[in-house]
Each structure stands twice: as C-alpha cells, then as structure tokens.
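A.B. asks: mind folding the following:
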Amino acid sequence: MLKVIMTYFEHVNAAMGRGISLRQIQALPLKAAIGRMKDVKDVEEIRTILGTIESSLTALEVEK
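C.D. replies: Below you'll find the model as predicted:
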C-alpha cells in the first residue's frame, strides 16, 4: 500500500512540475482507487492500480 501511495506522490509531483494543474489531477479517479485499496486482497489488483496511476498521470497534458 505504501508503494502505491508513494508512486502517486511522485507522479503528482512530476506532473505538477510539467505544469499540470491540481484541478486536472484531482479530476482523475485515482484517489478513490487508492482509498479502496484496503479492501483489495489480490496483489495483481494492486499492480493494476500502480499501472493506472502511472499511465493516468503521465498522459495528462498542460491546460492551455
């Protein structure tokens, strides 16, 4: 669980460094997925959450 939270933190910082607004980041359903992690029993599901965090935050574009 800590790895997921730290990955989220690192990718949010990187996205904000690229000029992504906090509003864009908060619009993603990532925080809800992280919050539901306590109910997840399968390791593969946690890996899926990690992949979703990485792909979602990497794909964000700067609002113009």
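A.B. asks: for the residue nearest the centre of the chain, what is the enclosing helix or strand?
C.D. replies: For the chain, the residue lying nearest the average C-alpha position, counting by Cα atoms, centre = their mean, turns out to be I53 (3.2 Å). Under the assignment given by DSSP states H and E, the secondary-structure element containing I53 is helix 43-59.
A.B. asks: for that helix, which outside residues touch it?
C.D. replies: 1, 3-4, 7-8, 11-12, 14-15, 20, 25, 28, 30, 33-34, 37, 40 (Cβ atoms under 8 Å, 6 or more residues apart in numbering). Placement of C-beta: from N, CA and C, glycine included.
A.B. asks: pLDDT (mean, whole number) over that helix?
C.D. replies: Helix 43-59 shows an average pLDDT of 92 in the prediction.
A.B. asks: and that helix, what's buried?
C.D. replies: Applying a neighbour-count criterion of 16 or more other Cβ atoms under 10 Å, the buried positions in helix 43-59 are 49, 52-53, 56-57.
A.B. asks: just stretch 15-29 next, same as before
C.D. replies: With burial defined by 16+ other Cβ under 10 Å, the residues of stretch 15-29 counted as buried are 15, 20, 25, 28.
A.B. asks: for K38, see how far away the closest residue to the last one other than its chain neighbours is.
C.D. replies: By that I understand L28. Beyond its immediate neighbours in the sequence, the residue positioned closest to L28 (Cβ to Cβ, 6 or more residues apart in numbering) is S56, lying 5.3 Å away. Between S56 and K38 the distance, using Cβ to Cβ, to the nearest Å, works out to 20 Å.
A.B. asks: how far away is I49 from S21?
C.D. replies: With distances defined as Cβ to Cβ, the gap from I49 to S21 amounts to 23 Å.
A.B. asks: among the contacts of helix 43-59, name the buried ones.
C.D. replies: Restricting those to buried positions leaves 4, 7-8, 11-12, 15, 20, 25, 28, 30, 33-34, with burial counted as 16+ other Cβ under 10 Å.
A.B. asks: make a markdown table out of those residues and add distance to E45, pLDDT and secondary structure.
C.D. replies: As requested, those are exported to a markdown table (distance: Cβ to Cβ, whole Å; pLDDT from 0 to 100; DSSP: H, G, I helix; E, B strand; the rest coil):
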| residue | distance to E45 | pLDDT | secondary structure |
| --- | --- | --- | --- |
| V4 | 11 | 93 | helix |
| T7 | 15 | 93 | helix |
| Y8 | 16 | 94 | helix |
| H11 | 19 | 93 | helix |
| V12 | 21 | 94 | helix |
| A15 | 24 | 92 | helix |
| I20 | 26 | 93 | coil |
| I25 | 22 | 92 | helix |
| L28 | 18 | 92 | coil |
| L30 | 14 | 92 | helix |
| A33 | 10 | 89 | helix |
| I34 | 12 | 90 | helix |
